[in-house]
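[1] Predicted model and sequence below, questions to follow.
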Amino acid sequence: MNIYQRYGLRQVINASGKMTALGASAVHPSVAQAMGEAAMEYVDIAALIKAAGQKIAAATGAEDGCPTLGAAAGIAISTAAVIAGTNLRLIEQLPLSEGLANEVIVQKGHAVHFGGSVAQMVRLGGGKVVEAGHANLVEAAHIEAAINERTVALLYIKSHHAVQKGMQSLETMLAVAHRHALPLIVDAAAEEDLTRYVQAGADLVIYSGGKAIGGPTSGLICGRANLIEACRAQYKGIGRAMKVGKEAIIGLLAALARYDRTEAEAEQQRKRMEWLAERINELSGVSARVIQDEAGRPIYRAQLTIDREVAGIDAYAVIRRLEAGNPAIYTRNHYANLGVINIDPRPLFQDQEQIILERIRAIFANPGEEKNQ
């Protein structure tokens, strides 16, 4: 029985991904141990934040870094930093920014909802989002035309939630931003490459600590030293409402220290999904294949396509029955309206794909039965 079951909750098999709604990551024992040690001691938080920044800088290749409560907090704090800088009067004024330069330009296809809206996170930092172009087509001229004396930054969202076609590239956004002496902020929340965006020239880059890095609920901003100093300064302002604790900072650093982005793990996960897909293809009314992540990350998921007429059950009913069981199985359901369910191997513990297979076999053997299992 795990700790959540002791509080009356069902066991969860997470086949959805590093999702906030499911607790993001289950941390490595060494990370948990570091967090436990941190929780039992006192520390100068300002000094810890600064020391953590140096470790973040070393891991990302940036000039400096700042730990945050998460990537969403990173957007709000970065926005506040480019508006208020280190000016305490302005820091304490935010998020009220009337009369200040406060506009943040984002491509319309990047103005997404990731569980919260990007625009709201910008507003929390005192910013006003200006969407450039159209949902499926943005030209460089759209971005250029949106820039004016109130513009403080351009924001680039690297996410599977964003529209993947018709958007301007990171390189174009960088060129436009720097041609106008504006910073480019990159939200790379779930990205696995911790150095790419800094190397490309982004001024501030935001990551989640609880997703690819495998840390606790936390995040980080890395980038130019003067902007990171401004980010840290926001903990005297809007950052206070989203402060990151000592345990989370130490857990983030422990996860960064053991973060090893190798292809070997992705290959092992791909083989597990191939095993699962092969056996699901033996069932009537559902076909399975292994696909790579739509944002190009080395993540290989089993994709199930359900033929409602043949199976006698649709994707939504399959999802409900998977989630209703004990353990509850949560899949990746962004395309359920198309009859598609994805199985993400990254959060699965050893042999949990076998439990998923048995549950799916039971559902397709009795497609008309929808009740708690």
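    Yep, it's here. Residues are numbered from 1 along each chain as shown.

[2] Helices along the stretch 101-250 of the chain, start to end?
    With DSSP state H, counting those that start in this stretch as the criterion, the stretch 101-250 of the chain has helices at 118-124, 140-146, 170-179, 196-200, 225-233, 246-258.

[3] Figure out which of the ones you listed is closest to residue 187.
    Set against residue 187 and scored by CB to CB, the helices of the stretch 101-250 of the chain come closest in helix 118-124, at 7.2 Å. For every residue, glycine as well, the C-beta is placed using N, CA and C.

[4] elements contacting the lowest-mean-pLDDT helix or strand in the chain?
    Lowest mean confidence among the helices and strands of the chain (mean pLDDT, DSSP states H and E): helix 263-280, at a mean of 91. For helix 263-280, the packing partners by 3 or more CB pairs under 8 Å, 6 or more residues apart in numbering; DSSP states H and E come out as strand 286-292, strand 300-306, helix 352-365.

[5] I figured residue 61 was touching residue 198, is that so?
    Yes: contact criterion CB atoms under 8 Å: residue 61 and residue 198 qualify, at 5.0 Å.

[6] Give the residue from these two that has the larger number of neighbours.
    The neighbour count for residue 61 versus residue 198, taken as other CB atoms under 10 Å, is higher for residue 198 (23 against 13).

[7] what's the distance between the more buried one and residue 1?
    The gap separating residue 198 from residue 1 is 43 Å, by CB to CB, to the nearest Å.

[8] among the helices and strands packed on helix 263-280, which is the most enclosed?
    strand 300-306 (a mean of 22; mean count of other CB atoms under 10 Å).

[9] State the next helix or strand along the chain beyond it.
    helix 308-311 (DSSP states H and E).

[10] want to throw the helices and strands packed on helix 263-280 into a markdown table with distance to residue 78?
    A markdown table is the format used below for the helices and strands packed on helix 263-280 (distance: least, CB to CB, whole Å):
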| stretch | distance to residue 78 |
| --- | --- |
| strand 286-292 | 30 |
| strand 300-306 | 30 |
| helix 352-365 | 36 |
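
[11] Dump those into TSV; add distance to residue 336 and mean pLDDT as well.
    Listed next are the helices and strands packed on helix 263-280 as TSV, based on distance: least, CB to CB, whole Å; pLDDT from 0 to 100:
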stretch	distance to residue 336	mean pLDDT
strand 286-292	13	96
strand 300-306	9	97
helix 352-365	15	97
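
[12] show me where the protein has strands.
    For the chain, strands defined by DSSP state E occupy the ranges 12-15, 64-68, 103-107, 128-132, 151-157, 184-187, 204-208, 219-223, 286-292, 300-306, 328-331, 340-343.

[13] Of these, which is nearest residue 35?
    Of these, nearest to residue 35 by CB to CB is strand 64-68, at 13.3 Å.

[14] Deepest in the core, which of the helices of the stretch 101-250 of the chain is it.
    Taking mean count of other CB under 10 Å, helix 246-258 is the most buried of the helices of the stretch 101-250 of the chain, at a mean of 22.

[15] can you tell me the average pLDDT over that one?
    Average pLDDT, helix 246-258: 97.

[16] which outside residues touch it?
    27-28, 30-32, 34-39, 41, 43, 45, 48-49, 52, 55-56, 59, 67, 69, 209, 213-220 (CB atoms under 8 Å, 6 or more residues apart in numbering).

[17] Repeat the analysis, applying 7 Å as the threshold.
    27-28, 30-31, 34-35, 38-39, 43, 45, 48, 52, 55, 59, 67, 209, 213-218, 220 (CB atoms under 7 Å, 6 or more residues apart in numbering).

[18] Can you name the residues bridging to the closest residue to residue 108 other than its chain neighbours?
    Residue nearest to residue 108 in three dimensions, not counting chain neighbours: residue 131, with 4.4 Å by CB to CB, 6 or more residues apart in numbering. Taking DSSP bridges, one finds residue 106 as the beta-bridge partners of residue 131.

[19] Count residues in the vicinity of residue 131, would you?
    Counted with other CB under 10 Å, residue 131 comes out at 17.

[20] Tell me the spacing between it and residue 19.
    26 Å.

[21] With that, I have no additional questions.
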